[in-house]
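need coordinates for the below:
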Amino acid sequence: MLQGFRVLALGLGIAAMAASGPLMAQRAQGYVQEVQGNVFGQVGSGQPLRVDKGQTLPNNATVTTGPQSYAVLKFEDGTAVLLKENTAFQVQNYSYNAKAPETASAIFNLVRGGMRMVTGLVTARNRDALKVGTPLATIGIRGTDFVAELVNPLFIQVVNGVITVTNAAGTVVFSAGQAVVVANPSTLAGIVPLNQVPPGVLQMPNYPLTSVPGPTPSGTPIGGGGVGVGAGTGIAIGIAAAAAVLISTQESQSTSTHH
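Residues are numbered from 1 along each chain as shown. Modelled structure (predicted):
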């Protein structure tokens, strides 16, 4: 019987470690730096909940801004994103290790609305490491500052650096000072004069974005999404600990019986 309890405790301990591993690997590497007005967040298909300043951004998180609202997101490599009103933005996958920058990867999605992005170190070793998907085209970032807004068509303005715009029609490279329009997913992106951009489009809230790298502050994840050591891990560890106590009790009773 005692040997059986030892096996049970060992098995539960291994299960606890296995449960904690994936969750620890999902540590959020981005957070909400600023919010104004009505901003909501959800992870996957979870329930949207109000977002507060300082909350973290796990992968598969979507941030949505309401009318007359905005949000600023910051990531560990220094990348900063400003979301204007009526915008939905998804952190599909973000991974950055300052000790191995060549492995960095950032995939974001502009689902609707408008955003400004200032990139950090994520593209320092791999210029294709950061991409922003939209329904009309994918924006490749090569270290830059740009604005994009979906109003069907998609408009983009390159403030600094270089971007690529890719869809079914092909890939086009654009540089600082150029404005871009993408009419639909099968039409090649082209240059458009700024005076032909509709009023209000590509105009962002007046918030200074900086690309200073830094660790993500500890905070609750948006939308109640679990990262780090979650409840499931705690339960598994707790069960293993309880089994260990049971073994200790059994060993004590066995010793008393023999004496």
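
next, give phi and psi for the closest residue to Q90 other than its chain neighbours.
With C-beta to C-beta, 6 or more residues apart in numbering as the criterion, Q90 has its nearest non-adjacent residue at 4.1 Å, and that residue is N109. C-beta here means a position set from N, CA and C on the backbone, and glycine is covered the same way. Here is the backbone geometry of N109 (degrees, to the nearest 10): phi -130, psi 120.

who's in contact with N109?
Counting by C-beta atoms under 8 Å, 6 or more residues apart in numbering, N109 touches 89-90, 92, 132-134.

correct me, but G41 touches L49?
Yes. Counting by C-beta atoms under 8 Å, L49 is a contact partner of G41 at 6.4 Å.

can you pick out the residue with more neighbours from those two?
Higher neighbour count among G41 and L49: G41, with 28 against 16, using other C-beta atoms under 10 Å.

returning to that earlier point: most neighbours, which of the contacts of N109?
Highest neighbour count within the contacts of N109, by other C-beta under 10 Å: F89, with 26 neighbours.

which strand residues bridge I107?
Per DSSP bridges, the residues bridged to I107 are N93, K131.

where's it relative to I222, distance?
Between I107 and I222 the computed distance is 18 Å (C-beta to C-beta, to the nearest Å).

ok, now T187?
Distance of T187 to I222, computed by C-beta to C-beta: 35 Å.

neighbour count winner among the two?
Counted by other C-beta under 10 Å, T187 and I222 do not tie: I222 has more neighbours, with 31 against 16.

now the more buried one. Nearest residue, chain neighbours left out?
Among residues not flanking I222 along the chain, G41 sits closest, at 3.1 Å (C-beta to C-beta, 6+ apart).
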